[in-house]
Structure formats: structure tokens, C-alpha cells
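Peer 1: would you be able to build a 3D model of this:
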Amino acid sequence: MRLHLVIALLALTGCSSTPDTKGTGTPTAELGTIGSQIDKSDQRVAASIAVASENAEKPAVVRSELGVAASYLPKPDQIHLDYVRSRVARSNTEEYKRAEDAGRKLLATIDANWDKAEKEAKANKAAIDAANCEITKLRADIAQAKKDVVTWTCAGIGACLALAGVALLWFKQVLGAISSAVGSACLLAFPALVETKWFLTSLGVLGGLLIVGAGIYLLWTRTPPQKPKEAANTDDPK
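Peer 2: Down below sits the predicted model:
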């Protein structure tokens with residue numbers, strides 16, 4: 001708050017008495033929003049006091065408007081209450097003039113400081129937004145780098161499997177060549193599936209195909225056990 005009590009009691013100037021059931025709104029962390037709410041509150045206090053002054057001959061209006069103004073202000077402490085009551089008791093015109101001048105000077109200082117704070121807040125927000133953009137870009141670059149590593153790794157291994165398949169086919173190892181071709185195809189397609197819902201499924205299929213292919217290959221190439229040759233009969237006269 002901008003020391004509404006001092007301004008109201010010393011200056012006795014300034015907020016429209018039009019009722020507004022919406023109040024001043026919900027405070028937020030935005031400095032601009034808070035500033036707008038404070039300005040709204042200031043104007044209502046000032047207008048209520050101004051209207052009360054215009055209707056000084058109507059005590060009921062004065063009490064009502066001052067009551068509205070007080071609802072926007074903090075409760076005064078005893079020190080300030082004693083200070084103002086003492087000033088009223090002295091009823092010195094010059095003292096009132098000095099108090100009004102002090103109130104206007106204090107208000108000008110507060111307004112200047114507030115404007116400075118708003119400018120600094122805008123500059124800080126711009127700097128934070130720029131930093132957030134850089135962080136977002138950096139995260140995107142890191143994610144792309146990880147994706148590139150996976151892509152090139154799969155491409156390299158897939159190419160090796162493809163070459164191995166060609167070599168196995170050349171040596172008429174058909175099953176081995178087929179297994180290498182299937183593995184190569186799975187690896188080459190794998191990077192495109194990393195960020196999809198088929199990622200885990202592709203991992204399972206790839207592992208299953210490799211295991212099944214390796215098993216079939218081992219069974220296919222296994223050499224059947226040979227029967228032992230019978231020992232020669234030395235008693236045979238022939």
C-alpha cells in the first residue's frame with residue numbers, strides 16, 4: 001500500500017463512490033497487476049474523501065464515505081493516532097499546510113520509486129524470458145543430438161548386418177543371410193520408432209527375431225553326430 005492513511009488524513013483529497021461488488025481483484029505476482037490494483041484502491045480512497053469534503057454539511061454522507069475510504073486502508077497504530085489527535089488539538093493552520101506539503105512530497109517519492117520498480121521488473125522479465133528461450137533451445141539441441149546418436153548407431157550396425165547377410169548368401173548360408181537381413185531392417189527402422197508408442201514393441205520384436213534367428217541358424221548348421229566305425233576283425237582268415 002502507498003501509505004493511504006497519511007495521504008487521506010493529511011491531504012483530504014481524492015475515489016468515486018460508485019459501488020463495485022467485484023472489489024479490486026485477486027492479487028497476483030505480476031507487478032503490473034499489483035500496481036493497477038493499488039492505483040484503483042488509491043483512486044477510490046481519494047474520491048471518497050473528496051466527496052466527503054464536498055458534503056461537509058451532511059454528517060451522514062461524510063461518515064459513510066470516510067467509512068468506505070477506511071475499508072481500503074490498514075488499521076492505524078496508536079502512535080499515529082496520537083500524533084493526528086495532537087495536531088487536531090493544536091488546530092494550527094501552518095502545521096496543517098506543512099503536513100499537506102509533506103504528504104504530497106511523500107506521494108511523489110512513492111510514485112517515482114514505484115515507476116522505477118515497474119521498469120526494472122519489465123527489464124528483468126525480458127531477461128528471464130530470453131534465458132528461458134535459450135534453455136528451451138538447448139534442451140531441443142540435446143534431444144536432437146541424442147536422437148542423432150541413436151540413428152547413426154543403428155544405421156552403422158544395420159549396414160554391417162546387411163554386409164554380413166550378403167557375405168553369408170555368397171557362401172550359401174541362406175538362413176544366416178535371412179537373419180542378418182531381418183536384423184538389418186529392424187535396426188534401420190528402429191530410430192523412427194523411438195518416440196512412438198511402438199518403441200517397446202519394436203524392442204521386443206527385434207530381440208525375439210534375433211533370438212529365433214540365432215536358434216534356427218544354430219540348429220540348421222549343427223553337424224549330426226557320426227556313428228563310430230566298427231573295429232576290424234583280426235580273426236577273419238581273409
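Peer 1: got the domain ranges for this structure?
Peer 2: Following automatic domain parsing, the chain resolves into domains at 4-91, 131-221.
Peer 1: lowest average pLDDT across those domains?
Peer 2: When the domains of the chain are ranked by mean pLDDT, domain 4-91 comes last with a mean of 75.
Peer 1: next secondary structure after the longest helix seen in the chain?
Peer 2: Looking across the chain with DSSP state H, the single longest helix is helix 93-170. Counting by DSSP states H and E, the element after helix 93-170 in chain order, helix or strand, is helix 174-193.
Peer 1: CA atoms of that following helix as PDB?
Peer 2: What follows is helix 174-193, C-alpha atoms only, in PDB (Å, rounded to 0.1, in the frame of the first residue of the first chain):
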ATOM      1  CA  VAL A 174      20.800 -68.800 -46.700                       C
ATOM      2  CA  LEU A 175      19.300 -68.800 -43.200                       C
ATOM      3  CA  GLY A 176      22.100 -66.700 -41.800                       C
ATOM      4  CA  ALA A 177      21.700 -64.300 -44.600                       C
ATOM      5  CA  ILE A 178      18.000 -64.000 -44.000                       C
ATOM      6  CA  SER A 179      18.600 -63.400 -40.300                       C
ATOM      7  CA  SER A 180      21.100 -60.700 -41.000                       C
ATOM      8  CA  ALA A 181      18.700 -59.000 -43.400                       C
ATOM      9  CA  VAL A 182      15.900 -59.100 -40.900                       C
ATOM     10  CA  GLY A 183      18.200 -57.700 -38.200                       C
ATOM     11  CA  SER A 184      19.400 -55.000 -40.500                       C
ATOM     12  CA  ALA A 185      15.900 -54.000 -41.400                       C
ATOM     13  CA  CYS A 186      14.800 -53.800 -37.800                       C
ATOM     14  CA  LEU A 187      17.800 -51.700 -36.800                       C
ATOM     15  CA  LEU A 188      17.400 -49.300 -39.700                       C
ATOM     16  CA  ALA A 189      13.700 -48.800 -38.800                       C
ATOM     17  CA  PHE A 190      14.400 -48.500 -35.100                       C
ATOM     18  CA  PRO A 191      15.200 -44.800 -34.900                       C
ATOM     19  CA  ALA A 192      11.900 -43.900 -36.400                       C
ATOM     20  CA  LEU A 193      10.100 -45.800 -33.700                       C
END
